[in-house]
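S.K.: coordinates only, sequence not included:
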């Protein structure tokens, strides 16, 4: 029998948006290792989604997938209803879905701005407005919003992303205050650079543009922002998410936790 010490989330259900790869899948794996059943969300080929489900179920829990488009509130509502139908509750909600586009404000495509605000910010409002009342009714819940170092500082060319991530930090504080006298906590995680396909493309572009090696391009990218010059890993973010679900985090409410190699300490 698995002990509560090794599976503190046994019997709980977690829903992680944008979790078929990258940070979201890393968080989902960590929560599954802690005993939670998982509702995965995100786009991808059938084989990729089935592979993500198989990864999760290796931890001895059950996993399902819902392909809600996080820019559509009706689909978000349907996803929460699906999760409750499958498992009876959403105990842990992780808002991770996000997209990016880089351009100066005066050249930023309006449709890209609208999409980034919808997926990176509004989706978290829609998941929380549906999930929070049921968490309160159950007497326990954890909401973890994946913000970014860009939820605390700015960068040139990333107006929509920075605005959305700053918004996520503010939304987290309001939701935490509104639930401060309940068993539901709401917190944000603010990662620095994680080696995702998007970041790898930035490294490749620097290497090509400056005619330098991939290793030199990696150091240049990290050196501009992240003093440790080490990438944050999805596994590290996942472990922080598990801690936020623990009793030790009962009075962490509205926190924006940096895990960024020193980026926002400068």
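M.R.: Arrived safely. Treat the numbers as computed from the prediction; the structure is a model and nothing was measured.

S.K.: How far off centre is stretch 239-258?
M.R.: Computed by Cα atoms, centre = their mean, to the nearest Å, the chain-centroid distance of stretch 239-258 equals 14 Å.

S.K.: Just the endpoints, please. Distance across it?
M.R.: Using Cα to Cα, to the nearest Å, one end of stretch 239-258 lies 13 Å from the other.

S.K.: Same question for stretch 98-106.
M.R.: OK, stretch 98-106 end separation, Cα to Cα: 22 Å.

S.K.: Contacts for stretch 220-234, please.
M.R.: With contacts defined as Cβ atoms under 8 Å, 6 or more residues apart in numbering, stretch 220-234 is touched by 22-23, 25-27, 29, 149, 155, 191-195, 199, 202-203, 206, 210, 212, 219, 259-263, 265-266. (C-beta placed from N, C-alpha, C; glycine too.)

S.K.: Next, the buried residues of that stretch.
M.R.: By neighbour count with 16 or more other Cβ atoms under 10 Å, stretch 220-234 contains the buried residues 221-222, 225-226, 231-232, 234.

S.K.: Tell me which residues touch residue 94, please.
M.R.: Contacts of residue 94 (Cβ under 8 Å, 6+ apart): 14-17, 19, 24, 27-28, 31, 143-146, 241.

S.K.: Shouldn't residue 187 be within a strand?
M.R.: Yes: assessed by DSSP: H, G, I helix; E, B strand; the rest coil, residue 187 belongs to a strand.

S.K.: coming back round to it: return the subset of the contacts of stretch 220-234 lying in strands.
M.R.: Counting by DSSP state E, the part of the contacts of stretch 220-234 found in strands is 191, 259.

S.K.: if we can go back for a sec, want to throw the buried residues of stretch 220-234 into a markdown table with pLDDT and distance to residue 121?
M.R.: Output for the buried residues of stretch 220-234, formatted as a markdown table (pLDDT from 0 to 100; distance: Cβ to Cβ, whole Å):
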| residue | pLDDT | distance to residue 121 |
| --- | --- | --- |
| 221 | 91 | 25 |
| 222 | 94 | 26 |
| 225 | 94 | 22 |
| 226 | 95 | 24 |
| 231 | 96 | 25 |
| 232 | 97 | 21 |
| 234 | 96 | 22 |
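
S.K.: any chance of those residues in CSV, plus distance to residue 173?
M.R.: Putting those into CSV (distance: Cβ to Cβ, whole Å) gives the following:
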residue, distance to residue 173
221, 30
222, 29
225, 24
226, 25
231, 28
232, 23
234, 25
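
S.K.: out of the residues you listed, who's nearest residue 45?
M.R.: Nearest to residue 45 out of the buried residues of stretch 220-234 is residue 234 (Cβ to Cβ; 19.9 Å).

S.K.: what's the distance between that closest one and residue 171?
M.R.: Applying Cβ to Cβ, to the nearest Å, the value for residue 234 to residue 171 is 23 Å.

S.K.: rewinding a little: pull out the buried members of the contacts of residue 94.
M.R.: 14-17, 19, 24, 27-28, 31, 143-146, 241.

S.K.: show me the contacts for residue 16.
M.R.: Residue 16 sits in contact with 24, 27-28, 31, 38-41, 94, 96, where contact means Cβ under 8 Å, 6+ apart.

S.K.: Let me know the pLDDT of the residue nearest to it when sequence neighbours are not counted.
M.R.: Distances taken as Cβ to Cβ, 6 or more residues apart in numbering place residue 94 nearest to residue 16, at 4.2 Å, with adjacent residues excluded. pLDDT recorded at residue 94 is 98.
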